[in-house]
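Engineer: Here is the input, now give the coordinates:
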Amino acid sequence: MFADQTNIVLRYEKIEAPVHGFADAVNEFVQEGGTGFNVTVPFKQAAFQLVTDHGQEALQSAAVNTVSVREDGLLYGDNTDGRGLCRDLERLGWTVADKRLLIIGAGGAVSGVTGSLLASNPRSLHITNRTHANAEALVNRFSDSRLKAVAPEQLDAGYDLIINASSAGLLGLGPDLPPHILNPESCCYDMVYGTSMTAFLAWAEEHGALQGSDGLGMLVCQAAEAFFIWFGLRVEVASVIREFRQ
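Structural biologist: Alright, predicted model coming up:
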């Protein structure tokens with residue numbers, strides 16, 4: 001759809017790499033003339049190890065989801081998840097600057113977006129996770145005084161923006177968290193998306209959050225960032241998101 005917008009002739013299709021054959025699959029793709037590709041789980045860390053040059057977000061997250069094949073054959077890897085999330089928050093009209101943020105979860109998705117969220121100048125960014133040590137390990141990688149790992153029973157009241165990135169969301173489970181983390185002005189974002197309201201957004205609505213959004217916009221916006229890396233062109237995302245919704 002982005003290629004149609006920009007009049008670029010593009011073949012973009014799925015390739016399933018064997019679990020233990022990611023590097024071979026990449027080499028075959030490049031040998032066949034491939035010039036760029038996206039990477040999904042479980043290969044984002046393998047891609048980080050494979051590429052020669054890394055973007056800033058890739059270095060921060062130790063994960064790569066977008067790869068460019070340069071003219072000399074070397075691979076450049078970046079992570080567009082954080083920029084995609086921030087662009088979608090901007091599209092929704094939600095500000096991060098000077099706000100109190102909470103992220104639920106401490107896995108790869110969170111490490112991929114933390115740097116971009118911090119660059120958007122929040123007042124504070126708390127990370128909570130069922131396994132507290134994982135949240136602490138993530139916080140220690142960034143060394144930012146605004147960033148803090150907080151145990152579920154010690155969460156503040158009334159965060160301005162709450163982002164759900166927990167594995168429970170993938171299983172359709174709502175958060176096991178106290179409702180006081182919400183206030184009547186809270187905006188709630190779920191990285192999970194689907195045809196119906198997610199369990200987290202239903203929980204947020206039930207407990208009085210002001211606004212909610214799923215992660216479909218993040219999917220489209222991070223893809224737009226990948227398209228920019230490959231072609232140097234900015235694309236319009238709102239119509240693509242609308243078409244997916246339909």
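
Engineer: Only alpha carbons, please: show stretch 191-207 as CSV.
Structural biologist: What follows is stretch 191-207, C-alpha atoms only, in CSV (Å, rounded to 0.1, in the frame of the first residue of the first chain):
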residue,chain,number,x,y,z
MET,A,191,0.3,-3.1,21.6
VAL,A,192,-2.0,-6.1,20.9
TYR,A,193,-4.7,-5.6,18.2
GLY,A,194,-7.6,-7.5,16.8
THR,A,195,-11.1,-7.3,15.4
SER,A,196,-12.6,-6.8,18.9
MET,A,197,-11.6,-4.8,22.0
THR,A,198,-8.7,-6.2,23.8
ALA,A,199,-9.0,-7.4,27.4
PHE,A,200,-6.7,-4.6,28.6
LEU,A,201,-8.7,-1.9,26.9
ALA,A,202,-12.0,-3.4,28.3
TRP,A,203,-10.4,-3.3,31.7
ALA,A,204,-9.3,0.3,31.2
GLU,A,205,-12.8,1.4,30.0
GLU,A,206,-14.4,-0.4,32.9
HIS,A,207,-12.3,1.5,35.4
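
Engineer: Buried ones in it, by neighbour count?
Structural biologist: 191-193, 198-201, 203-204, 207 (16 or more other CB atoms under 10 Å). Using the backbone N, CA and C atoms, a C-beta is placed for each residue, glycine as well.

Engineer: now those residues as CSV including distance to Val220 and secondary structure?
Structural biologist: Formatted as CSV, these follow (distance: CB to CB, whole Å; DSSP: H, G, I helix; E, B strand; the rest coil):
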residue, distance to Val220, secondary structure
Met191, 13, coil
Val192, 15, coil
Tyr193, 10, coil
Thr198, 17, coil
Ala199, 22, helix
Phe200, 20, helix
Leu201, 18, helix
Trp203, 25, helix
Ala204, 22, helix
His207, 28, coil
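
Engineer: ok, so of those, who is nearest Leu89?
Structural biologist: When those are ranked by distance to Leu89 (CB to CB), Met191 comes first, at 11.8 Å.
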